Structure formats: C-alpha cells, structure tokens
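Enquirer: Generate coordinates for the sequence data below:
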Amino acid sequence: MSQLSTQPYKGTRDFYPKDMRTREWMFGKIREVVQGYGYQSYDGPMLEPFELYAAKTGEEIVNQQLYHFIDRGERKVAMRPEMTPTMARMVAGQFHELPKPIRWFSIPNLWRYERPQRGRLREHWQLNVDVLGGDSLLADAEVLQLAFDLIKKFGGESKIQIKINNRRLMDQLFQKKLGLNEETSQSVSKAIDARDKIGEAKFTEMLDKAGLNTTQKSDLQKFFECDLEGVSRMVAGPGAEELVKLFEYLKESGLSKQVVFDPTVMRGMNYYTGTVFEIYDTSPENKRAMFGGGRYDNLVGLFGKDKISGVGFGMGDVTLQDFLETHKFLPELPRFVDVFVSLPKPEYRVHAEKIAKELREKGFKVMTPLESSGFGVQLKQAVKHEAEYIILFGDDEFAKGQVLVKNLVKNEQKTVDLKLVASSIAVEKQT
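Expert: Below is the predicted model:
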C-alpha cells in the first residue's frame, strides 16, 4: 500500500500553530471593529439545501463552483459558498422576535470549486457583515464606514480606494437609455462584471454576443466615462439620486477622499438591488478588488411574506492577508509561551507544578517539559517552543529555596526566591 500524501486537498490550507496565530490575530482585530459598531456574532450550518443557493446566488457559483451531493436521505445538499442566504434564512425564521435594525456578523468557513490562484482558494474564511432594516442609505453609509475602519485598524487606510455604484441606476441605464430587455441586461451585466478579468477584446465580444448595436455600445462607453454629476444627467432617476445622497453621507463621515463613483462596479450576485461597492488595493503589486458587497432588498422575502431591506459585505481572509503582506502590515506576534518551567529530576515535579500553577493563576501561558532532563536539553526545548522565560533549578538552587529565571529574549538571568517567582516575572513584564 502506497503512503498517503501529506499535502492538503487542492485549494485548501493547513494551519500550523504559527499560521493560526496570524489568523486569530486578524480575526481578533476584525471582531474589535465590528463589535465596536454594535454588531452581534452569529453562525449557521456548513451544509444547506441546494435550493437555497439556486434561488438567488450567482449563476457561475451555482453551475460551476458549488460543492454539492445527494445525502443518504436522497436530499440534494450543498456546502455553503457564501453566508448571505443562510443569514437571510435565519432572519426569516425569527423575523418578529429579532430587534430591528438587525446588525449581525460572522466569520464562516466557505467552499467554492474554482481554480486556485492568488487571492482565491477553494476553502477560505470570510467576514460577513450585514444590516437589515433602518433607513437604506444610512445603513449603506454605516456599512461603508465600517469597511473602511476595518482596513484602518490594520493601518491600511491610505492604501485603498472604495468604488461605489448602484444596481438600480444600472437597471435604469439598461432599460430606459439602452432599451434592453431583461435577458440582454443580464448578459451585459455579466460582461461589465468580468471586464477587468477578460480584457477589452473579450468584453466587446460579449457585448456583440448580447446583441448590442453600435449606438448602444457607444452610449454604454459614454456612461462609463461620466462622473456622478454626468450620470445624474444621463440617467436621471432613483438610482442616481440614491448615489448623490449616499456620497453626501460619506462626506459627512469623513470618507470623501477614499470613495469614488465607478459605474463599472457590478458585483456578480443576482440578489443585489441598490448600492454595490468594492474595496481596491491601490498597490501596483496587489492592484485588485479585495472585497465588496451591496444592498439586497428582496432576499428575506424568499422565505415567506415578511420583507426587510438589507445591506452587507464579505471580506475573505486570503485577500486580507495578501493585502497585509503586500504592505508589510503583519506584525511580529508576541511569543505564545510566556514561561517554560523545567524539570531537572522527577522528585522535583511537585515544586515545578507549584510554580507553574502560580504563574497560570496570574494569567501567564506556562509550558512544562513532561520529562526530566538536564539544563542544556530543557533550555534548547524552551528556545524551540519560543518561550520568553525559562525557570531552571537543580540541587543547589533547591537547597537554597531559589530558582534561576532566564529571559530568553533579552538573554538575561537572575536568581529569585522560590516563593517570589510568579510576582517577579509579573513585575518584569509590566516594566
């Protein structure tokens, strides 16, 4: 029998302890910001009925990227590729009990069968932030402010640009200005959404395939070249009015320098109905959309008669870490082990355990070797585990009621009374 591979499934990652520390550090920062806005954490199942995604999730995800199978009860089940449908289902399930507006967040594990590449894997973790209820534009403004503050928390506020559009505006452009039917509008939407990835030649080819004539393509290009004021003249109506008001709110929030109107931002999900946005890294080394989201006003209504407007976004851990690494925002994380308590002889275990217990009670992370050995061996073990301190003692130290406390970071050591070890290290770490 051949040996099993040690490699993870394609498009997934192993998180060794050092990797987990980075991930937990990122998630900790995220939670600080989101909870600071009053958002509550929630979660849902990894598996959902296939129909949940077929109803409103993007066609590409359902047809090409969804992991699904038939379970033993002959039910068609899918592994969640996104969290918004689950969130909408949960809200619909307790609609009348939940206080409004609803402010929720989660960091779920998501799966999509796609070609692994920079910023995209088959498995990732994604922050989802959603507001349901309240004034739509005020909620849009809050979500955008929160998204900006997330990047600011990591020190990247000067390295991003927030691009904003409105799907209602685009619907008005397609139907009233260009005279497109619903099917053609969807084809043009997909072409615009894919434009940056496929290039101008294939973009034009997609427009030709959708049936756009020369005049329609010319009008579409003029629209892309308009600023917000020009768009308001070219496609007057609710979509343009919403954008103008939203930009006023964002200016009041101090975001006028970070946000721009970009009529090419579409977002691929079928459920978006109003504001849509993407946060871009402006670095030439990582110039791409990091994450985005938008307004969905009809999603909860799929589960019953109750309806409520919603807006939210998703930010993947892969693109966030790429951003942090590109701009060197990942810090040197503190050592995981505070103190390594040695065990020179089995008969000294009672004293080593007493020291370890006192240190843990003071909040230190303490490791013991689980076997007795000499100073040199245990010193090497402490260094390998990246401990900040090691406590060493032998017959001579024990006879005097003392231990040797060595700071492995500063390469300094001192002799300390056995009864004062915990307090001594606590005082030193505070200074």
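Enquirer: Now do the buried residues in stretch 331-350.
Expert: 337, 338, 339, 340, 341, 342, 343, 344, 348 (16 or more other Cβ atoms under 10 Å). Heads up, the C-betas are built off the backbone N, CA and C, glycines and all.
Enquirer: Let me see the mean pLDDT of the longest helix along the chain.
Expert: Counting by DSSP state H, the longest helix found in the chain is helix 182-210. Per-region confidence: helix 182-210 scores 88 on mean pLDDT.
Enquirer: helices or strands up against that helix?
Expert: Applying 3 or more Cβ pairs under 8 Å, 6 or more residues apart in numbering; DSSP states H and E, we find helix 182-210 packed against helix 214-224.
Enquirer: Tell me the first helix or strand C-terminal of the helix it packs on.
Expert: In the C-terminal direction, the helix or strand that comes right after helix 214-224 (DSSP states H and E) is helix 228-234.
Enquirer: Flag every buried residue along that following helix.
Expert: 231, 232, 234.
Enquirer: mind putting those in a markdown table, pLDDT included?
Expert: Converted to a markdown table, the buried residues of helix 228-234 look like this (pLDDT from 0 to 100):
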| residue | pLDDT |
| --- | --- |
| 231 | 88 |
| 232 | 88 |
| 234 | 90 |
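Enquirer: is it possible to export these to CSV including distance to residue 244?
Expert: Output for the buried residues of helix 228-234, formatted as CSV (distance: Cβ to Cβ, whole Å):
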residue, distance to residue 244
231, 9
232, 6
234, 13
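Enquirer: For residue 210, state which of those is nearest.
Expert: Of all the buried residues of helix 228-234, residue 210 sits closest to residue 234, with 20.4 Å by Cβ to Cβ.
Enquirer: which ones are touching the closest one?
Expert: 173, 177, 222, 223, 226 (Cβ atoms under 8 Å, 6 or more residues apart in numbering).
Enquirer: now swap in residue 67 and tell me
Expert: If a contact means Cβ under 8 Å, 6+ apart, then residue 67 has 78, 79, 81, 111, 112, 113 as its contacts.
Enquirer: ok, back up a step: by neighbour count, which of the contacts of residue 234 wins?
Expert: residue 173 (23 neighbours; other Cβ atoms under 10 Å).
Enquirer: dump the residue contacts of that one.
Expert: 220, 223, 234, 235.
Enquirer: number of nearby residues for the last one?
Expert: For residue 235, the count of nearby residues is 22 (other Cβ under 10 Å).
Enquirer: Let's see the pLDDT reported for it.
Expert: Per-residue confidence at residue 235 stands at 89 (pLDDT).
Enquirer: I figured it was touching residue 176, is that so?
Expert: Yes: using Cβ atoms under 8 Å, residue 235 and residue 176 qualify as a contacting pair, with a distance of 7.1 Å.
Enquirer: isn't residue 64 right up against residue 115?
Expert: No: using Cβ under 8 Å, residue 64 is not in contact with residue 115; the gap is 10.3 Å.
Enquirer: Tell me which two of the contacts of residue 234 sit farthest apart.
Expert: Spanning the widest gap among the contacts of residue 234 are 177 and 226, at 11.5 Å by Cβ to Cβ.
Enquirer: where does the stretch 101-250 of the chain have low pLDDT?
Expert: Low-confidence segments of the stretch 101-250 of the chain (pLDDT under 70): none present.
Enquirer: in stretch 22-41, what counts as buried?
Expert: 22, 23, 26, 30, 33, 34, 39.
Enquirer: Look up how far residue 154 lies from the second one.
Expert: In this view, residue 23 and residue 154 are 14 Å apart by Cβ to Cβ, to the nearest Å.
Enquirer: same thing with residue 113?
Expert: Taken as Cβ to Cβ, the span from residue 113 to residue 154 is 30 Å.
Enquirer: and what of residue 252?
Expert: Using Cβ to Cβ, residue 252 is found at 24 Å from residue 154.
Enquirer: circling back to that earlier point, in CSV, list the buried residues of stretch 22-41 along with pLDDT and distance to residue 424.
Expert: Output for the buried residues of stretch 22-41, formatted as CSV (pLDDT from 0 to 100; distance: Cβ to Cβ, whole Å):
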residue, pLDDT, distance to residue 424
22, 96, 31
23, 96, 34
26, 97, 34
30, 98, 36
33, 98, 37
34, 98, 39
39, 98, 42
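Enquirer: Reformat the residues you listed as TSV; add distance to residue 49 and secondary structure.
Expert: Formatted as TSV, the buried residues of stretch 22-41 follow (distance: Cβ to Cβ, whole Å; DSSP: H, G, I helix; E, B strand; the rest coil):
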residue	distance to residue 49	secondary structure
22	35	helix
23	30	helix
26	31	helix
30	29	helix
33	33	helix
34	28	helix
39	27	coil
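Enquirer: what's the neighbour count on residue 278?
Expert: 23.
Enquirer: Going forward, count from 3.
Expert: In the new count, where the first residue is 3, that last one comes out as residue 280.
Enquirer: Name the SS class of the closest residue to it other than its chain neighbours, please.
Expert: Distances taken as Cβ to Cβ, 6 or more residues apart in numbering place residue 294 nearest to residue 280, at 3.5 Å, with adjacent residues excluded. Three-state assignment for residue 294 (DSSP: H, G, I helix; E, B strand; the rest coil): strand.
Enquirer: that older thread, if any of the contacts of residue 69 are buried, give me the PyMOL selection for them.
Expert: This is how PyMOL selects the buried members of the contacts of residue 69, with burial counted by 16+ other Cβ under 10 Å:
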select buried, resi 80+81+83+113+114
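Enquirer: Which single one of the contacts of residue 69 is nearest to residue 146?
Expert: For these, the residue nearest residue 146 by Cβ to Cβ is residue 83; the value is 24.2 Å.
Enquirer: Next up, the contacts around that closest one.
Expert: If you count contacts by Cβ under 8 Å, 6+ apart, then residue 83 has 55, 59, 63, 67, 68, 69, 112, 113, 114 around it.
Enquirer: Surely residue 273 touches residue 300?
Expert: Yes: if you go by Cβ under 8 Å, residue 273 and residue 300 touch, sitting 6.9 Å apart.
Enquirer: Which of these two has more residues huddled nearby?
Expert: Shown here are residue 273 and residue 300; by other Cβ under 10 Å, residue 273 has more neighbours (21 against 14).
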